[in-house]
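Colleague: here are the coordinates; sequence isn't available:
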Ligand SMILES: O=c1[nH]cnc2c1ncn2[C@@H]1O[C@H](CO)[C@@H](O)[C@H]1O
């Protein structure tokens, strides 16, 4: 075909190619909008977006503009020179800066943004998925350890004479009634002469630390409790490798946390950090072995009674203070380690029921934890789980399941298959459900049964399930109508370094295109709607979730309180930023 001549082309454009306002094109675009609208009606945050108050719409539009501005000026690979040089300590040479960069590298920058200041004040409702020992900043805890009388350090396996040895030794930090061993032991702690298993007071141990005395000692001990930036960004290590270090952190942290004075200090810090971050409620998974000791004792308690009594005392004490008045409370989710043998799981289930009987208000449910890819799948734990259900019925206690499932890259593997079991076992929420998006039938089941996904995006990145927040599957689940809440999982170990959820909320807001302030608000509201404030039968639980703020129980009351806090927050945004970032509600697509 010869090329079309200029005159022919002009005629063709004038007479034959329809203009954008041609009815045919308009009709097409209308059909396209209808299709898009139909799809958007499936979103799990659809009704939240559509019932926003005018004030919240304005706040949403303002936040969209701030996000956009920071996206262009801060999170860009061709960052301007000033920022590149002044903030160079924040990142290794040659690294680009973008909203999906590795969390541990972005952390410092993110905390200085306007968006951070906004997200920090967002009323976040409840934190529904976090592991007890990994929730309070380690620096604070180590200061408490150093000033608690009788705390000692030992290695139970491997000497500690040299950097590499200290990285590997089975370090424990505990209260010892005798205050630790001899002066000789103290002198030899960091040398080849150390006798494995000998305890030395932490002050003496710190003083004699070969690399920098006390400061070096604290730095080293912390490095044994958290994943470092190097651990975090060496992406050539896979999930199994990072999990080894991760589990080791729990072992060191647990050694000193399970002691009354430190447990009390931990709880106070935890509640303070949560309230400062706008978190009103928390359900905490814990997997303590029977190693908890009362103040002044190095003999473990025979049961969990004292641990829970202290929890109840500290909670009451905190709620009686002005700062704690707005805090709704804490409940625990009992967990067993999934890789354990049947006997230890049955024992743990039995302990769970006994503890539920003595502290019914403080225990909300049951779960199994640990690396899913390496542990027993739920299908192999059915005998134990059915026994547990029967025992609960016999003892007349309500202990619903809040199961981890699908925290894996697998597809069709046992860990991935946990999703089927979790749903059929009647789990009320699913921990992670990272692989759920690959299961269209299960997605429908999760929606029908009103199961909430507890998503922990930073954890998923740190534990190698996603390279960056940008590739996380949660936006896809939200678009398909699955109810979700954001959680922080193990913030003290994984790098958030605080109990609050601002880092996870911030990452979601800046990293995902389909949220905005309204989407974030909906996730926070969900966390209240799916919180287990009280014991309920399956029917009561579902009814409450359906009725939401229109119900008559404690959940409806909390949802109403949350809604008031949300409006107040939106008002603050409009007052603070309205002038600079425009004060109309049109831009930003709150009603996506
Ligand atoms: O994201 C997670 N998935 C599964 N197990 C976990 C996760 N984070 C921590 N733990 C496990 O829970 C126990 C403490 O409660 C620890 O054993 C830890 O390995």
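Modeller: Looks like it came in fine. Worth saying up front: this structure is predicted, and the values here are computed from it rather than measured.
Colleague: Close to the ligand: what parts of the stretch 51-200 of the chain are there?
Modeller: Residues of the stretch 51-200 of the chain lying close to the ligand (CB under 6 Å from any ligand atom) are 131, 132, 133. Where you see a C-beta, it was placed from the backbone N, CA and C, and this is true even at glycine.
Colleague: now, among those residues, which is nearest to the ligand?
Modeller: residue 131 (3.7 Å; CB to the nearest ligand atom).
Colleague: Just grab the bridge partners of that closest one for me.
Modeller: Going by DSSP bridges, residue 131 is paired in beta bridges with residue 285.
Colleague: Got the confidence number for it?
Modeller: If you check residue 131, the pLDDT there is 98.
Colleague: check contacts around residue 439.
Modeller: Contact analysis of residue 439 by CB atoms under 8 Å, 6 or more residues apart in numbering lists residue 419.
Colleague: Phi and psi next, for it.
Modeller: phi -120, psi 80 (degrees, to the nearest 10).
Colleague: Distance of it relative to the ligand?
Modeller: Plainly put, residue 439 is 19 Å away from the ligand if you go by CB to the nearest ligand atom, to the nearest Å.
Colleague: Now do the same for that residue: its pLDDT.
Modeller: With respect to pLDDT, residue 439 scores 98.
Colleague: could you say which helix or strand contains residue 334?
Modeller: Element membership for residue 334 (DSSP states H and E) is strand 329-337.
Colleague: Centre of the chain to the helix or strand following that strand, how far?
Modeller: Note on strand 329-337: by DSSP H and E, the next helix or strand toward the C-terminus is helix 342-358. Mean C-alpha position of helix 342-358 versus that of the full chain (CA atoms, centre = their mean, to the nearest Å) differs by 26 Å.
Colleague: Next, see if helix 342-358 gets close to the ligand.
Modeller: No. If you take CB under 6 Å from any ligand atom as the test, helix 342-358 misses the ligand, and the best it gets is 11.9 Å.
Colleague: angle of whichever helix or strand residue 306 is part of against strand 329-337?
Modeller: Per DSSP H and E, residue 306 falls inside helix 305-319. Counting by axes from the mean of the first three to the mean of the last three CA atoms, to 10 degrees, helix 305-319 lies at 150 degrees to strand 329-337.
Colleague: thinking again about what came up before, and the strand holding residue 334, what does it pack onto?
Modeller: When contacts are defined as 3 or more CB pairs under 8 Å, 6 or more residues apart in numbering; DSSP states H and E, strand 329-337 sits against strand 279-286, helix 305-319, helix 342-358, strand 363-369.
Colleague: Export the ones you listed as CSV, with columns for mean pLDDT.
Modeller: Below are the helices and strands packed on strand 329-337 laid out as CSV (pLDDT from 0 to 100):
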stretch, mean pLDDT
strand 279-286, 98
helix 305-319, 98
helix 342-358, 98
strand 363-369, 98
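Colleague: With mean neighbour count as added columns, please give those in JSON lines.
Modeller: JSON lines is the format used below for those (neighbours: other CB atoms under 10 Å):
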{"stretch": "strand 279-286", "mean neighbour count": "23"}
{"stretch": "helix 305-319", "mean neighbour count": "16"}
{"stretch": "helix 342-358", "mean neighbour count": "17"}
{"stretch": "strand 363-369", "mean neighbour count": "25"}
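Colleague: Compare the ones you listed and give me the one nearest residue 448.
Modeller: The closest of the helices and strands packed on strand 329-337 to residue 448 is strand 363-369. By CB to CB, the value is 20.9 Å.
Colleague: Just after that closest one, pick out the following helix or strand.
Modeller: helix 382-395.
Colleague: center of this structure, which residue is that?
Modeller: Geometric centre of the chain, nearest residue: residue 488, 1.4 Å, by CA atoms, centre = their mean.
Colleague: Let me know the pLDDT of that one.
Modeller: 98.
Colleague: Surely it and residue 127 touch.
Modeller: Yes. Counting by CB atoms under 8 Å, residue 488 touches residue 127, with 6.8 Å between them.
Colleague: Not counting its neighbours along the chain, what's nearest residue 553?
Modeller: Excluding the flanking residues, the one nearest residue 553 by CB to CB, 6 or more residues apart in numbering is residue 544, at 6.0 Å.
Colleague: Quick one: neighbours of the one you found, just the number.
Modeller: Neighbours of residue 544 under the rule other CB atoms under 10 Å: 21.
Colleague: Can you classify it by secondary structure?
Modeller: Here residue 544 is helix, with the state taken from DSSP: H, G, I helix; E, B strand; the rest coil.
Colleague: ok, it - contacts?
Modeller: If a contact means CB under 8 Å, 6+ apart, then residue 544 has 536, 551, 553, 555, 556 as its contacts.
Colleague: ok, now residue 370?
Modeller: 247, 337, 338, 339.
Colleague: who wins for neighbours among the contacts of residue 544?
Modeller: Ranking the contacts of residue 544 using other CB under 10 Å puts residue 555 first, with 25 neighbours.
Colleague: Check which helices and strands the helix or strand hosting it sits against.
Modeller: In this assignment (DSSP H and E), residue 555 forms part of helix 554-577. Counting contacts by 3+ CB pairs under 8 Å, 6+ apart, helix 554-577 packs against helix 54-73, helix 114-121, strand 279-286, helix 516-529, helix 538-547.
Colleague: Buried deepest among those, which one?
Modeller: Comparing the helices and strands packed on helix 554-577 by mean neighbour count (mean count of other CB atoms under 10 Å), helix 516-529 ranks first with a mean of 26.
Colleague: Measure how it sits relative to helix 54-73, angle-wise.
Modeller: Angle between the axes of helix 516-529 and helix 54-73 is 120 degrees (criterion: the same axes, to 10 degrees).
Colleague: Show me what helix 516-529 is packed against.
Modeller: On a contact count with 3+ CB pairs under 8 Å, 6+ apart, helix 516-529 meets helix 46-50, helix 54-73, strand 125-131, strand 484-486, helix 502-511, helix 554-577.
Colleague: circling back: would you mind giving the helices and strands packed on helix 554-577 as a markdown table with distance to residue 373 added?
Modeller: A markdown table is the format used below for the helices and strands packed on helix 554-577 (distance: least, CB to CB, whole Å):
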| stretch | distance to residue 373 |
| --- | --- |
| helix 54-73 | 35 |
| helix 114-121 | 32 |
| strand 279-286 | 19 |
| helix 516-529 | 27 |
| helix 538-547 | 30 |
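Colleague: Would you confirm that residue 40 contacts residue 46?
Modeller: Yes. In this structure residue 40 lies within contact range of residue 46 using CB under 8 Å: 6.3 Å.
Colleague: Can you pull out the low-pLDDT segments for this protein?
Modeller: Residues of the chain that meet the criterion pLDDT under 70 lie in 77-96, 235-236, 585-592.
Colleague: what does it have sitting close to the ligand?
Modeller: Counting by CB under 6 Å from any ligand atom, the residues of the chain near the ligand are 131-133, 247, 250, 285-287, 335, 337, 369-370, 404, 407, 459, 489-490.
Colleague: so what's residue 265 closest to, chain neighbours aside?
Modeller: Closest residue to residue 265 apart from its sequence neighbours, by CB to CB, 6+ apart: residue 144 at 4.5 Å.
Colleague: any idea how far the one you found is from the ligand?
Modeller: 20 Å.
Colleague: got the contact list for the helix or strand in which that residue is found?
Modeller: Here residue 144, judged by DSSP H and E, is contained in helix 138-147. Residues from elsewhere that reach helix 138-147 (CB under 8 Å, 6+ apart): 151, 173, 202-203, 206, 218, 221-222, 225-226, 253, 256-257, 261-262, 265-266, 269, 492, 497.
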